[in-house]
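> sequence below, structure please.
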Amino acid sequence: MKPKFSLGQLVATPDALRALEKAGQSPAFFLEKHMSGDWGDVDDEDKRANDEALVNGDRLLSAYRTLKNKRLWIITEAADDDGKRVATTILKPSEY
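Just a heads-up that it's a prediction; the model follows:
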């Protein structure tokens, strides 16, 4: 599937990486969902905001659960003045 946007620099918090490791899952699994527009476990308002952000360059937020039921967020920052997304972060909601 073709990505709907670029991730920019990819970073992850140590706690998020530990949660993925304990679940035996790869960050790539969740990043592919995020980039394809599968926003995961967010409400309808956040889904609409993400869909609009694909057009206007605002921040994107996806929420997922690992196989061990740990919540993860993936946040791709708003586009810069050149229309490029600079960074994407994988983190636990408590780290926001």
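> quick one: low-confidence residue ranges for this protein.
The chain contains no residues with pLDDT under 70.
> excluding its backbone neighbours, what's nearest residue 64?
residue 40 (4.2 Å; CB to CB, 6 or more residues apart in numbering). Glycine gets a C-beta too; all of them are placed from N, C-alpha and C.
> hmm, I was thinking of residue 6
Ranked by CB to CB, 6+ apart and with sequence neighbours excluded, the top spatial neighbour of residue 6 is residue 85, at 5.5 Å.
> tell me the secondary structure for the residue most central in space within the chain?
Centroid-nearest residue in the chain, with CA atoms, centre = their mean: residue 74, separated by 2.4 Å. For residue 74, the assignment made with DSSP: H, G, I helix; E, B strand; the rest coil gives strand.
> distance of it relative to residue 80?
19 Å (CB to CB, to the nearest Å).
> equivalent analysis for residue 93, please.
Between residue 93 and residue 80 the distance, using CB to CB, works out to 25 Å.
> who does the strand or helix carrying residue 51 touch, helix- and strand-wise?
For residue 51, the element it lies in under DSSP states H and E is helix 44-56. Using 3 or more CB pairs under 8 Å, 6 or more residues apart in numbering; DSSP states H and E, the elements in contact with helix 44-56 are strand 60-65.
> okay then, goodbye and thanks.
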